[in-house]
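> I'll drop the sequence and a predicted model, then ask my questions.
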Amino acid sequence: MGPRDKREDDGDFESPFVTPMLSIKNLHATVADKPILNGLTLEVPAGEVHAIMGPNGAGKSTLSYVLTGRQGYEVTGGTATLDGEDIFALEPAERAAKGMFLSFQYPLEIPGVPALTFIRTALNAQRKARGEDEISAPQFLKLAREKAAALKIDFDMLKRALNVGFSGGEKKRMEIFQMAMLSPCFLILDETDSGLDIDALRIVSEGVNAMRSPDRAMLVITHYQRLLDYIKPDRVHVLSAGRIVASGGPELALELEAEGYDKYAQVAA
Amino acid sequence: MAAVKETVAAVAELEKYQHGFVTDIEQDFAPKGLNADIVRFISAKKDEPEWMLQWRLDAFERWLALEEPEWAKVHYPKIDYQDSYYYAAPSQKAGPMSLDEVDPDILETYKKLGIPLREQEVLAGVQGAPKYAVDAVFDSVSVVTTFKKELAAVGVIFCSMSEAVREHPELVKKYLGSVVPVSDNYFACLNSAVFSDGSFVYIPPGVRCPMELSTYFRINAKDSGQFERTLIIADKGAYCSYLEGCTAPMRDENQLHAAVVELVILEDAEIKYSTVQNWYPGDPVTGKGGIYNFVTKRADCREARAKVSWTQVETGSAITWKYPSCILRGEGSSGEFYSIAVTNGHQQADTGTKMIHLGANTKSRIISKGISAGKSSNTYRGLVSAHPKAVGSRNFTQCDSLLIGKDCAAHTVPYIEARNGQSVFEHEATTTRLSDDQLFYCQQRGLDTESAVALLVNGFVREVLQELPMEFAVEAQKLVAISLEGSVG
């Protein structure tokens, strides 16, 4: 059973308020003993897209790695729950099986492993962890053809070693393709727009928007407002010196674009 | 894709070294130690003709004058050659037997190892699956060879070396020692004196061997060495694909395995030789025990357009010292070497190949993938040389090393000698560490650490795995994964 179904099971607890899918409270984290996140609090309800903006070094990427459980990113305080479950108690692979997906800022090359093999292995590992049957080969290929066509990915490219020799744009498209194939419920997009030309940005954004649904939530991490023209956020948060220092509607992104991060740097300090 | 899945499953289910059991049976031994009488004892046990005995005694004389080589990047205490048995065989009647006469415990052993010795069992397998003929060598003797009749019908001779000496002396006399001369090197010379059993294959002119041939070597007896001798001849225009597999029980003492394999390839003929070597590697923590695998393998492309391909997957043994080589004598002949060498724990491997270009327009290709983990050391040592007459010869070499963890080592020692101005040699080499970034990327997609390592390593060795016959490829992939179990995290 997927994590998305859980809310329906807990029907007794249905409340008029939107239950946050991801809830982070007073999160502190260090990298190599250096504090990067300093009391970050954030709630992303199901069905919503939240943007995290902020200057370089604010802790944006650290947040994405802490949430997905990367080694070397140490949680020193606070909590984070996904659908009410403590994610810090889970291994990275277990978090993935619960539906957490990170679209990497710099996707890794996996020599000798065809993209399709990689994704099928990952999908089946997740399904197994959730107690589901493995996907059959014909089912998998049908799904792959569908999703590849939507992202204008040449099917032959999927037979090549994952990301090896791919251009920056192709790698980002491949991240979104993986996301579509794995069908996660909580999506983190880390600087997905970096290195994309305008056509690629449009294709990638369409791919992301196609995944918007009432039972999915997204965290879009970006330095520039440009991406948010394509992926419209419900809320925008400003991250500075490891804390959320301002939150608002989509208009906050426009304001940041016009005025820069200077005044928030002072807030944090 | 299925193979990756199987690897993951295999890693989860299997123990680290799963072939470590001992078969408890009656065995005949030669007295411990090595002298001319032991050589005579072995020859007499095998009912050999006088010329074979003389050949052995001559080899023994020469061996006494040789010194153990020290140039390889491997370290081990001095071997006491007098403290080992040079002949160990299940107590049974001599000569070829029907399967019903073979000790049931031995049959059970092979069953446990997954080797089909009953022809009907092979036939009852999945329809369309390739057929395998098996020669099963248990310590010093071949216990059974399957599908001999069917092979004989097309003129293919597939039997144990002992039988070949008795039944096909003209072929053995003509070819034995013609590729690896008796005194070629210390271990080959020792083998020539005391060789026990191995396989003999002859493919007549123009015949394409109708099935895969394979030999399964098992060391069982304690304190014994195994000295197999294999000779394969592909006559003009012939083809065969041959596989060998090796396992041994877990023992605290080191055991010596000094084999010699000779391949003779005549005009337009081709041999594909694959090895999956999984001798006991010794205790992963203390490094105690394990097989010393000191092997000489060489192919002679004796005539025009002869072709040979060596593929090896080396996961076992405490020490591996092995350089399957190609002598490219015939004009336009070609040699290939594909290797995966995995070391973990305290294993040491010094392995590679020699491509000796003697004829004009000869071609060779070397793809070597070394993986080191634990406290192991893995060395690629290779020679590519071109004789003055080898004009227009070409070589491509690619050596990749993958390091897992902080305490292992990888070395690449290529030698290149071009003695004419019209040869083209290319050499590429890389050394990479299994990166935390890649591991995390796989984990974030849902793979646990073991599965992630298996997937990344399988990607690293894929080029070579593709060269193996299908069934062996799956087996090899599992082996690689199992050998590296627990190497991360």
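Nice, I can see it.
> Residue B:427 against residue B:413, yeah?
No - between residue B:427 and residue B:413 there is no contact under Cβ atoms under 8 Å: 11.7 Å. (Glycine included, C-beta is placed from N, CA and C.)
> tally of neighbours for the residue of the stretch 51-200 of chain A at minimum distance from chain B?
Using Cβ to the nearest Cβ, the closest approach of the stretch 51-200 of chain A to chain B is made by residue A:112 at 3.0 Å. Other residues near residue A:112 number 19, with proximity taken as other Cβ atoms under 10 Å in any protein chain shown.
> Which helix or strand lies directly C-terminal to the strand ranked longest in chain B?
Secondary structure of chain B read by DSSP state E shows that its longest strand is strand B:290-301. Remark: after strand B:290-301, the chain's next helix or strand is strand B:307-314, criterion DSSP states H and E.
> which strands and helices sit next to that following strand?
strand B:260-265, strand B:270-277, strand B:290-301, strand B:319-322, strand B:334-343, strand B:348-357, helix B:470-483 (3 or more Cβ pairs under 8 Å, 6 or more residues apart in numbering or on different chains; DSSP states H and E).
> Take those and lay them out in JSON lines including mean pLDDT, mean neighbour count and distance to residue A:248.
Listed next are the helices and strands packed on strand B:307-314 as JSON lines, based on pLDDT from 0 to 100; neighbours: other Cβ atoms under 10 Å in any protein chain shown; distance: least, Cβ to Cβ, whole Å:
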{"stretch": "strand B:260-265", "mean pLDDT": "96", "mean neighbour count": "27", "distance to residue A:248": "75"}
{"stretch": "strand B:270-277", "mean pLDDT": "90", "mean neighbour count": "23", "distance to residue A:248": "63"}
{"stretch": "strand B:290-301", "mean pLDDT": "91", "mean neighbour count": "26", "distance to residue A:248": "67"}
{"stretch": "strand B:319-322", "mean pLDDT": "89", "mean neighbour count": "26", "distance to residue A:248": "65"}
{"stretch": "strand B:334-343", "mean pLDDT": "92", "mean neighbour count": "26", "distance to residue A:248": "56"}
{"stretch": "strand B:348-357", "mean pLDDT": "93", "mean neighbour count": "26", "distance to residue A:248": "62"}
{"stretch": "helix B:470-483", "mean pLDDT": "74", "mean neighbour count": "22", "distance to residue A:248": "51"}
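> Distance-wise, check residue B:481 relative to residue B:21.
Distance, residue B:481 to residue B:21, using Cβ to Cβ, to the nearest Å: 21 Å.
> Sketch out the low-pLDDT regions of chain A for me.
A:1-19, A:266-269 (pLDDT under 70).
> now with 50?
Residue ranges of chain A with pLDDT under 50: A:1-16, A:269.
> still on that earlier bit, mind checking the backbone torsions on the residue of the stretch 51-200 of chain A closest to chain B?
Main-chain torsions, residue A:112, degrees, to the nearest 10: phi 80, psi 0.
> For the residue nearest to it when sequence neighbours are not counted, give me the pLDDT.
Distances taken as Cβ to Cβ, 6 or more residues apart in numbering or on different chains place residue B:459 nearest to residue A:112, at 3.0 Å, with adjacent residues excluded. Listed pLDDT for residue B:459 reads 89.
> Residue A:138: which element?
Going by DSSP H and E, residue A:138 is part of helix A:137-150.
> I would like the residues contacting that helix, please.
Residues outside helix A:137-150 that contact it (Cβ atoms under 8 Å, 6 or more residues apart in numbering or on different chains): A:116, A:119-120, A:123, A:135, A:154-155, A:158, A:177, A:180-181, A:206-207, A:210, B:1.
> Scan the residues you listed and report the most crowded one.
Neighbour max across the contacts of helix A:137-150 (other Cβ under 10 Å) = residue A:119, 25 neighbours.
> Correct me if wrong: that residue contacts residue A:178.
Yes - Residue A:119 lies in contact with residue A:178 (Cβ under 8 Å); the separation is 5.7 Å.
> Overlap in contacts, those two.
Listed as contacting both residue A:119 and residue A:178 by Cβ under 8 Å, 6+ apart are residue B:445.
> hang on, the earlier thing: whichever helix or strand comes after the helix holding residue A:138 near chain B anywhere?
For helix A:137-150, the following helix or strand on the C-terminal side (DSSP H and E) is helix A:168-182. Yes - Helix A:168-182 lies within reach of chain B by Cβ under 8 Å from any Cβ of the partner chain, at A:178, A:182.
> Quick check: beta-bridge partners of the residue nearest to residue A:100 when sequence neighbours are not counted?
Using Cβ to Cβ, 6+ apart and skipping residues adjacent in sequence, the residue nearest residue A:100 is residue A:186, 5.0 Å away. Beta-bridge pairing of residue A:186, defined through DSSP bridges, involves residue A:100, residue A:217.
> Quick check: end-to-end length of stretch B:228-242?
Length of stretch B:228-242, first residue to last, Cα to Cα, to the nearest Å: 15 Å.
> correction: stretch B:309-328
OK, stretch B:309-328 end separation, Cα to Cα: 12 Å.
> so who does the residue nearest the centre of chain A touch?
Nearest to the geometric centre of chain A sits residue A:188, at 1.1 Å (Cα atoms, centre = their mean). Residues near residue A:188 by Cβ under 8 Å, 6+ apart: A:64, A:67, A:68, A:100, A:101, A:102, A:103, A:218, A:219, A:221.
> Show me what from chain A comes close to chain B.
Counting by Cβ under 8 Å from any Cβ, chain A sits next to chain B at A:68-72, A:91-93, A:96-97, A:101-102, A:104, A:107-113, A:116-126, A:129, A:134, A:137, A:161, A:178, A:182.
> Right, I'll leave it there.
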